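*Asks:* Sequence plus the predicted model coming up.
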Amino acid sequence: MKLREIAHSRTGDKGNTSNISVIAYDAKHYPLLLEHVTAERVKSHFAGVVEGEVVRYELPNIGALNFVMSNTLGGGVTRSLALDAHGKSLSSALLDLDIILSNDSK
Amino acid sequence: MRTIRIGSGAGYSGDRIEPALELAEKGDIDYLVFECLGERTVALAQQARMKNPEAGFDPLLEERMRAVLPLCAAKGIKVVTNMGAANPEAAAKKTAEIARSLGLPSLKIAAVVGDDVLDACKAGDFPILEFDGSIKKLGNRLISANAYLGAEPMAAALARGADVVVTGRASDPALFLAPMIHAFGWAMDDWNLLGQGTVAGHLLECAGQITGGYFADPGYKDIPDLARLGFPIGEVGEDGSLIVTKVAGSGGAVTAQTCREQLLYEVHDPMKYFQPDVVADFSQVTVEEIAKDRVRVGGGRGSKRTDTLKVSVGYVDSFIGEGQISYAGPGALARGRLALDIVRERLKLTSVAASELRFDLIGVDSLHGPLVSAHANEPYEVRIRVAGRTESLREAVRIGNEVETLYTNGPAGGGGAWKSARDVVAVASVLLPRELARTEVRFVET
């Protein structure tokens, strides 16, 4: 299953840092996000994009995770050479993450 | 309990204008806020002001004000905006001129000045937060330094009877917090109220981004009538309670999902959302749909503000040269890759002095790079893009030229070449002791 099936996402930018929210459509899937969408996986999913560290913040009240990825926007939105200098399209890439369910978590 | 209704009329400088008019007309609002000032806009506006002392404010100010002032004046809706950019006083004077020409001479128009802290920054030298450097090291590349002001001076202008408040750099949520502080008399050290007010301001500041804009994903997240997207209204109670809604019958949707996405937009640590007036805490926020297009958002909290203000520093960074050309049909991708290889080699052969280069296949890997995009399918068409950073405009021009010459010297069937070269004004940040930003409210003659 792709992350897209259980969560939605939005990217924001500040300077050279990008943040991506991952929000469960249904609160019952929040534990799946907690288990499967780790900072390490997000960092490796964005190989070649995230040059810095990835920090994960947890917001159980709204069933959401917030990933803060430093050194990600080509030196900063206002000076980046990238076509998508803001990194607005990153959220869609993250929703492509595979979520492999074990039998007991289905 | 007293309640005010605040409409959000713009989420960035170039935003649509009719949704703001719709808010004024049908939104039953008390305040209309326009957030129009991007990160680097003040620096660009400062350059315009250096050329012309009456310039340096938002280029759409006249169009927006002409559209909404008649209705706002008739209904007593107060306008708060950061369209002052690098020259709030000139923007206020322009607004007064527009009010007169519309036959609205009784409107009271105030400018908030004092966000320009260039002199204070130069006098003290401060370290740059984003990279190893300082104000002094930027030398004559430094263009502007503007502090993110809080809500107090804007609230003071409203208290003195302003119908329109024009500020320069201010924190975006503060544009919304100011009417709350003014209307309800909130104390400037009631951190939890200011924190919840900041949640409201943060949710509203990007306008259409909470009513279904920047959200739709067909089959997963469907939003009706995006071409007529309505802009949001915040119903705020004096206890800080908040309901996010929009004009009935407008396009878009306000749902728990749109509110959750916007809550985390551009947020780092949700427990520490640094604002000039408060350190807001979003971690305990709750979101609840209570009716169609009506969402209750509560639980925002806050703690004591810091002793510093964030200052956005604009400086001349570099130049960027760029070129693009397209290939299509069978073998398009191979020809696109060949084109990139040719340009890569040409830039070396002709010794173009670029400190950083980027080679993209638009339609394949330009957004997320070759690793993330490794499994992409062969496209029918591909557009190559080469971009590079240089120290001069002359060098930047050479990059686009090397793409353009692919027309007659490159792979078969290259079409639609395009090139550009531009200077880059970038922004960085410093922290300034807050007492060094001296704000003042100035009313202009109408």
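*Replies:* Nice, I can see it.

*Asks:* which residues sit in contact with the residue in the stretch 1-150 of chain B that chain A sits nearest to?
*Replies:* As assessed by C-beta to the nearest C-beta, chain A sits closest to B:Arg40 within the stretch 1-150 of chain B, at 4.6 Å. Glycine gets a C-beta too; all of them are placed from N, C-alpha and C. If a contact means C-beta atoms under 8 Å, 6 or more residues apart in numbering or on different chains, then B:Arg40 has A:78, B:314, B:425-427 as its contacts.

*Asks:* switch the cut-off to 6 Å
*Replies:* Counting by C-beta atoms under 6 Å, 6 or more residues apart in numbering or on different chains, B:Arg40 makes contact with A:78, B:425, B:427.

*Asks:* Report the beta-bridge partners for the second one.
*Replies:* This means B:Val425. B:Val316 (DSSP bridges).

*Asks:* Surely it touches B:Ala43?
*Replies:* Yes. Counting by C-beta atoms under 6 Å, B:Val425 does reach B:Ala43; the two are 4.9 Å apart.

*Asks:* so B:Gly249 sits in a helix?
*Replies:* No. Going by DSSP: H, G, I helix; E, B strand; the rest coil, the assignment for B:Gly249 is coil, not a helix.

*Asks:* how many neighbours does it have?
*Replies:* 10 (other C-beta atoms under 10 Å in any protein chain shown).

*Asks:* what's it sitting at in phi/psi?
*Replies:* Taking degrees, to the nearest 10, you get phi 90, psi -10 for the backbone angles of B:Gly249.

*Asks:* That one and B:Glu152: what is the separation?
*Replies:* Here the criterion is C-beta to C-beta, to the nearest Å. By it, B:Gly249 lies 37 Å from B:Glu152.

*Asks:* one step back: more crowded one of B:Val425 and B:Ala43?
*Replies:* Neighbour totals were compared for B:Val425 and B:Ala43, and B:Ala43 leads with 25 against 21 (other C-beta under 10 Å).

*Asks:* Quick one: list the elements packing against whatever helix or strand the more buried one lives in.
*Replies:* Per DSSP states H and E, B:Ala43 falls inside helix B:41-51. Helices and strands touching helix B:41-51, by 3 or more C-beta pairs under 6 Å, 6 or more residues apart in numbering or on different chains; DSSP states H and E, are strand B:142-147.

*Asks:* Beyond the strand it packs on, next helix or strand please.
*Replies:* Next along the chain from strand B:142-147, counting by DSSP H and E, comes helix B:152-159.

*Asks:* Show residues contacting that next one.
*Replies:* Residues from elsewhere that reach helix B:152-159 (C-beta under 6 Å, 6+ apart): B:110, B:112, B:165, B:167, B:178, B:181-182, B:439, B:441.

*Asks:* Could I get the buried residue list for that helix?
*Replies:* B:152-158 (16 or more other C-beta atoms under 10 Å in any protein chain shown).

*Asks:* One more: stretch B:72-91?
*Replies:* B:72-73, B:77-91.

*Asks:* in which helix or strand would I find residue 91?
*Replies:* Picked chain A for this. Going by DSSP H and E, A:Ser91 is in helix A:90-94.

*Asks:* um, chain B though
*Replies:* helix B:88-101.

*Asks:* thinking again about what came up before, from the buried residues of helix B:152-159, pick the one nearest chain A.
*Replies:* Using C-beta to the nearest C-beta, these come closest to chain A at B:Met154, 22.8 Å.

*Asks:* where does the residue most central in space within chain A land in three-state SS?
*Replies:* Computing the C-alpha centroid of chain A and ranking residues by C-alpha atoms, centre = their mean puts A:Ile20 first, at 4.5 Å. Here A:Ile20 is recorded as strand under three-state DSSP.

*Asks:* now it: how far from B:Lys272?
*Replies:* A:Ile20 is 18 Å from B:Lys272, by C-beta to C-beta.

*Asks:* re earlier: for the residue nearest to the centre of chain A, list the residues it contacts.
*Replies:* Taking C-beta under 6 Å, 6+ apart, we find A:Ile20 in contact with A:9, A:11, A:67, A:90-91, A:94.

*Asks:* one more time with 8 Å
*Replies:* A:Ile20 touches A:9-12, A:42, A:66-67, A:69, A:90-91, A:94, counting by C-beta under 8 Å, 6+ apart.

*Asks:* Now A:Arg10: closest residue in space, sequence neighbours ignored.
*Replies:* Here the nearest residue to A:Arg10 in space, its sequence neighbours aside, is B:Glu261; by C-beta to C-beta, 6 or more residues apart in numbering or on different chains that works out to 4.2 Å.

*Asks:* What of A:Thr38?
*Replies:* By the measure of C-beta to C-beta, 6+ apart, the closest residue to A:Thr38 outside its immediate chain neighbours is A:Arg56, 6.9 Å from it.

*Asks:* Please identify the buried residues of the host helix or strand of that neighbour?
*Replies:* Assigned by DSSP H and E, A:Arg56 falls within strand A:54-59. Within strand A:54-59, the residues that count as buried by 16+ other C-beta under 10 Å are A:54-57, A:59.

*Asks:* What strands line up against that strand, and which way round?
*Replies:* Paired neighbours of strand A:54-59 in the sheet (DSSP bridges): strand A:64-69 (antiparallel).

*Asks:* So which bits of the stretch 201-350 of chain B are right by chain A?
*Replies:* Counting by C-beta under 8 Å from any C-beta of the partner chain, the stretch 201-350 of chain B comes close to chain A at B:214-215, B:217, B:220-221, B:257, B:260-271, B:282-287, B:299, B:317-318, B:320.

*Asks:* Going through these, which ones are buried?
*Replies:* Buried subset of these (neighbour count, 16+ other C-beta under 10 Å): B:214-215, B:221, B:257, B:260-270, B:282-285, B:287, B:299, B:317-318, B:320.

*Asks:* list the buried ones in the strand or helix carrying B:Gly400?
*Replies:* Assessed by DSSP H and E, B:Gly400 sits inside helix B:393-404. For helix B:393-404, a neighbour-count test (16+ other C-beta under 10 Å) marks B:395-404 as buried.

*Asks:* For it, which outside residues touch it?
*Replies:* Residues contacting helix B:393-404 (C-beta under 8 Å, 6+ apart): B:319-325, B:339, B:343, B:346-347, B:350, B:352-354, B:384, B:386-388, B:390, B:417, B:419-423.

*Asks:* Out of the buried residues of helix B:393-404, which is nearest to chain A?
*Replies:* B:Ile399 (10.4 Å).

*Asks:* Which residue does chain A have closest to chain B?
*Replies:* The nearest approach of chain A to chain B comes at A:Gly12, 3.4 Å away (C-beta to the nearest C-beta).

*Asks:* ok, for that residue, nearest residue in space, not its chain neighbours?
*Replies:* Distances taken as C-beta to C-beta, 6+ apart place B:Glu266 nearest to A:Gly12, at 3.4 Å, with adjacent residues excluded.

*Asks:* now that neighbour, what's its secondary structure?
*Replies:* Secondary structure state of B:Glu266, per three-state DSSP, is coil.

*Asks:* In contact with it, which residues are there?
*Replies:* Counting by C-beta under 8 Å, 6+ apart, B:Glu266 touches A:12-14, A:19.

*Asks:* distance of it from A:Tyr57?
*Replies:* In terms of C-beta to C-beta, B:Glu266 sits 13 Å off from A:Tyr57.

*Asks:* can you give me the strands for the stretch 201-350 of chain B?
*Replies:* Ranges of strands in the stretch 201-350 of chain B, per DSSP state E, counting those that start in this stretch, are B:232-237, B:242-246, B:273-274, B:279-281, B:286-291, B:294-298, B:301-303, B:308-328.
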